[in-house]
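Novice: fold the stuff below for me.
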Amino acid sequence: MTNKFEIVKPKKVPFFYGYVVLFFGTIGIWASIPGQTVGVSVFTDYVKDALGLTRNEFSNAYMIGTFLSSFIVAKAGFWFDKFGARYVAFFATIVLGFSLLLCSISVEISEFVKSFLNNTSWLIPFCVITILFFFIRLSGQGILTMASRNMVMMWFDKHRGKVNSLSSIAISLGFSSSPIFISKLIDNNGWELSWQLMAISLFIFSLFILIFYKNKPEDYNLNPDGEEVKSVKENKPTVTTNFTLKEAKKTRAFWVYGLILSFNSFFITGFTFHVISIFKSFSYTKTQAISIFLPISIIAVSVATLCNVLSDYIQHKIYLYIMLFCGCIASLGLLFLNYEIGVYLLIIGLGVLGGLFSVVNAVTWPKYYGRKYLGSITGKIMSFLVLASAIAPTLFSYSFTYFGSYSYVSILLLTFVVGLIIASLKVENPQNNAVK
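Specialist: Just a heads-up that it's a prediction; the model follows:
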């Protein structure tokens, strides 16, 4: 899917163009922050008050918008396979930018609709922000993240793990520091102008996407990792079988890996959303609750760096078993959070889970199912993750509201991960059984 009018031609760059892809693909994932929970949460108090919504109403709007977006994200994977990373990421960035602009005037939109309908019901701002959440979650958390990550993975094979380690470190640092910068931006400019400034930045970055995003090395007579294609006979792909989404869904690995990644998405989203309340219910202070994220982040970055590099050399299934084991540890930590040992179990479990998430979610799919249909496969997996992140805050909340404790959701989590452990016993790399 090359274009003769391209400004930058990969073969004319004095070094392997994959590293340019790595740089801009990582920035592309940073650009998705306004559509991620970490980017939206900073605006919560300002926007809900301006719209006249309660915290529960605002949270439910976020849940519904995220839930609905999960059904479209899977389709975006097919768009990636058909049109490539450049155009999918470009349009996702444009949609995210316009959505932020509309978010910045959501109060005015709500007031206009109220006036037009001659109705002052809270349902009007609720519906407005729900629709806007749908678009920013779809374009930011879903499509832009998926397209940028997949593009990087398309350009590397033997060194995929090492490259992903560099990207993971940068992404972790960017995501962990973004609330500080966004909060400062809001303090200096107000929440409306802050969203508008972020939208303008996205429009500018969309031009860089058109210039520097390249779909795959084969389009430019290059091989992954930088080897030139000398002849058709010499162009021997590392992966001999490319699975379609339909074929991938018939394998046990697709579901087990997809569900453990969804487990992580569910746990970290629900836990983060209610962290202060969770710790308060066990007689901890707000400061103690917030302080847990620093050691979790340190462990996650360390694990991601080490395991990304090692993924080029060791059996990938080992990471699956470690994630399952740490899922049990994290669930037990939440269950016994009233004891000091529970805090340590939670830190270790979530830290290792978070670190391995970035490895497994990036490396597994091209390694197990090939690169030809990578978009449709990862798009489906992304829909699992988005759906899990949508329902998590509500289930955590119901556990506390109806049963008086968050311990009950930990029992649910523990039961789920034990079931995955049993299912994982016969997981194999589909390439091992593929027809050569």
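Novice: report the separation between residue 349 and residue 416.
Specialist: 14 Å (C-beta to C-beta, to the nearest Å). Every residue, glycine included, has its C-beta placed from N, CA and C.
Novice: who has more neighbours, the two?
Specialist: residue 349 (24 against 17; other C-beta atoms under 10 Å).
Novice: give me the distance from whatever helix or strand the more buried one lives in to the chain's centre.
Specialist: Taking DSSP states H and E as the definition, residue 349 sits inside helix 340-369. Chain-centre distance of helix 340-369: 13 Å, with C-alpha atoms, centre = their mean, to the nearest Å.
Novice: any weak-confidence spans in this structure?
Specialist: 1-5, 227-240, 434-436 (pLDDT under 70).
Novice: kindly recompute the last result at 50.
Specialist: 231-237, 239, 436 (pLDDT under 50).
Novice: where do the domain boundaries of it fall?
Specialist: Annotated domains of the chain cover 13-226, 245-425 [automatic domain parsing].
Novice: can I get the ones you listed in CSV with distance to residue 431?
Specialist: Shown next, in CSV, are the domains of the chain (distance: least, C-beta to C-beta, whole Å):
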stretch, distance to residue 431
domain 13-226, 13
domain 245-425, 6
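Novice: looking at those, spot the one closest to residue 6.
Specialist: Among the domains of the chain, the nearest to residue 6 by C-beta to C-beta is domain 13-226 (8.1 Å).
Novice: mind checking the end-to-end distance for that closest one?
Specialist: This stretch, domain 13-226, spans 11 Å end to end (C-alpha to C-alpha, to the nearest Å).
Novice: distance from it to the middle of the chain?
Specialist: 10 Å.
Novice: show me which residues of the host helix or strand of residue 262 are buried.
Specialist: Per DSSP H and E: residue 262 is located in helix 252-273. Buried residues in helix 252-273, defined by neighbour count with 16 or more other C-beta atoms under 10 Å: 253-273.
Novice: between it and helix 340-369, how big is the angle?
Specialist: Using axes from the mean of the first three to the mean of the last three C-alpha atoms, to 10 degrees, the inter-axis angle of helix 252-273 relative to helix 340-369 is 140 degrees.
Novice: hey, C-alpha coordinates of helix 252-273 in CSV?
Specialist: Output of helix 252-273 as CSV, limited to C-alpha atoms (Å, rounded to 0.1, in the frame of the first residue of the first chain):
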residue,chain,number,x,y,z
ARG,A,252,-7.2,-22.3,22.9
ALA,A,253,-4.3,-19.8,23.0
PHE,A,254,-6.4,-16.9,21.6
TRP,A,255,-9.0,-17.2,24.4
VAL,A,256,-6.6,-17.9,27.3
TYR,A,257,-4.2,-15.0,26.4
GLY,A,258,-7.1,-12.7,25.5
LEU,A,259,-8.9,-13.4,28.8
ILE,A,260,-5.8,-13.0,31.0
LEU,A,261,-5.2,-9.6,29.4
SER,A,262,-8.8,-8.7,29.9
PHE,A,263,-8.5,-9.8,33.6
ASN,A,264,-5.6,-7.4,34.0
SER,A,265,-7.6,-4.6,32.3
PHE,A,266,-10.6,-5.3,34.5
PHE,A,267,-8.6,-5.5,37.7
ILE,A,268,-6.4,-2.4,37.2
THR,A,269,-9.4,-0.2,35.9
GLY,A,270,-11.7,-1.2,38.8
PHE,A,271,-9.0,-0.9,41.4
THR,A,272,-7.8,2.5,40.2
PHE,A,273,-11.3,3.9,39.8
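Novice: helices or strands next to it in the packing?
Specialist: Judged by 3 or more C-beta pairs under 8 Å, 6 or more residues apart in numbering; DSSP states H and E, the packing partners of helix 252-273 are helix 37-40, helix 317-335, helix 340-369, helix 374-403, helix 407-424.
Novice: if we use 7 Å, what do you get?
Specialist: Counting contacts by 3 or more C-beta pairs under 7 Å, 6 or more residues apart in numbering; DSSP states H and E, helix 252-273 is packed against helix 317-335, helix 340-369, helix 374-403, helix 407-424.
Novice: that helix to helix 317-335, inter-axis angle?
Specialist: Using the same axes, to 10 degrees: helix 252-273 against helix 317-335 is 30 degrees.
Novice: how far does helix 252-273 sit from the chain's center?
Specialist: 11 Å.
Novice: after it comes which helix or strand?
Specialist: Helix 252-273 is succeeded, C-terminally, by helix 275-281 (DSSP H and E).
Novice: enumerate the positions of the helix or strand that that next one is followed by that are buried.
Specialist: Using DSSP H and E, the helix or strand that follows helix 275-281 in sequence is helix 286-291. Using 16+ other C-beta under 10 Å as the test for burial, helix 286-291 gives residue 289.
Novice: give me the contacts around helix 286-291.
Specialist: 275, 276, 279 (C-beta atoms under 7 Å, 6 or more residues apart in numbering).
Novice: now with 8 Å?
Specialist: Contact partners of helix 286-291, identified using C-beta atoms under 8 Å, 6 or more residues apart in numbering, comprise 275, 276, 278, 279, 280.
Novice: can I get those residues in TSV including distance to residue 194 and neighbour count?
Specialist: TSV is the format used below for the contacts of helix 286-291 (distance: C-beta to C-beta, whole Å; neighbours: other C-beta atoms under 10 Å):
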residue	distance to residue 194	neighbour count
275	24	17
276	23	15
278	29	24
279	29	21
280	29	14
